[in-house]
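Novice: sequence-free structure coming up:
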């Protein structure tokens, strides 16, 4: 975790110290959000998967600023060991790692973009290939699957849902509101699916296919 924290701080400093890079990262994130919304529109059209797609786009892969949630994960991890099952803690740790890796990959990709207002399918493909980092992109996709598998296993345990609900008031009062909301959205989304394998397999297949296409 210590190495991840240092990578997190370094990635944030890199963007904060370069206004132009920060703007390109923001434009890239919004482009990717639109791409993901299009890629998974068919899944979102199905009531069973709608909440999970929204969770996927907002809390794992989307353009939203997850800084507050990540800071709360770092502050709360030791305390949460007393209240949450190991699977939930692992999911949180993976979510933090996924965001760190996404920040790094987006930063390297954004460096290769011509300008913040010039992000389209062509410039994105060129920048993605220029950044390369194929093993890290493989790991990014794998992390999404691992988080999903963990949340799916927790969603079938009613006692976990009860623990998450009971923690709502104390978590918000203690300053962990973003973290609490993340856990609730994830639990509710995966419980509503009543089985996430098709959903997770579809994400894995489509993201890997796109990755291989862009890197060729």
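Specialist: Yep, it's here. Computed from a prediction, not measured in an experiment: that's the story for all the values here. Numbering: from 1, shown residues only.
Novice: quick one: mean pLDDT over the host helix or strand of residue 162.
Specialist: For residue 162, the host element (DSSP states H and E) is helix 158-166. Helix 158-166 shows a mean pLDDT of 83.
Novice: what sits up against the helix or strand that it is followed by?
Specialist: Once the chain leaves helix 158-166, the next helix or strand it forms, by DSSP H and E, is helix 168-173. Helix 168-173 has contacts (C-beta atoms under 8 Å, 6 or more residues apart in numbering) with 177, 179, 180, 184. Any C-beta I mention is one placed from the backbone N, CA and C, and that applies to glycine too.
Novice: nearest residue to the third one in space, please, no chain neighbours.
Specialist: Beyond its immediate neighbours in the sequence, the residue positioned closest to residue 180 (C-beta to C-beta, 6 or more residues apart in numbering) is residue 171, lying 3.7 Å away.
Novice: the one you found and residue 126, how far apart?
Specialist: Using C-beta to C-beta, to the nearest Å, one gets 43 Å for the distance from residue 171 to residue 126.
Novice: hang on, the earlier thing: in the helix holding residue 162, what's buried?
Specialist: 160, 161, 163, 164 (16 or more other C-beta atoms under 10 Å).
Novice: now for it, which elements pack on it?
Specialist: The helices and strands touching helix 158-166, judged by 3 or more C-beta pairs under 8 Å, 6 or more residues apart in numbering; DSSP states H and E, are helix 177-193.
Novice: counting neighbours, show which residues of the helix it packs on come out buried.
Specialist: 178-180, 182-187, 189-193.
Novice: what's the answer for stretch 22-40, then?
Specialist: Buried-residue list, stretch 22-40, by 16+ other C-beta under 10 Å: 22-29, 31-33, 36, 39-40.
Novice: out of those, who's nearest residue 100?
Specialist: residue 25 (14.0 Å; C-beta to C-beta).
Novice: ok, for that closest one, nearest residue in space, not its chain neighbours?
Specialist: In space, residue 25 comes closest to residue 110 once its chain neighbours are excluded; the distance is 4.5 Å by C-beta to C-beta, 6+ apart.
Novice: quick one, the helix or strand hosting the one you found and helix 177-193 angle?
Specialist: Using DSSP H and E, residue 110 maps to helix 86-111. Here the directions of helix 86-111 and helix 177-193 differ by 110 degrees (axes from the mean of the first three to the mean of the last three C-alpha atoms, to 10 degrees).
Novice: and helix 86-111, what does it pack onto?
Specialist: helix 2-16, helix 19-39, helix 67-80, helix 121-131, helix 134-155, helix 177-193.
Novice: how far does that helix sit from its chain's centre?
Specialist: Distance of helix 86-111 from its chain centroid, counting by C-alpha atoms, centre = their mean, to the nearest Å, is 6 Å.
Novice: cool, stretch 75-91 as well?
Specialist: For stretch 75-91, the distance to the chain centre is 18 Å (C-alpha atoms, centre = their mean).
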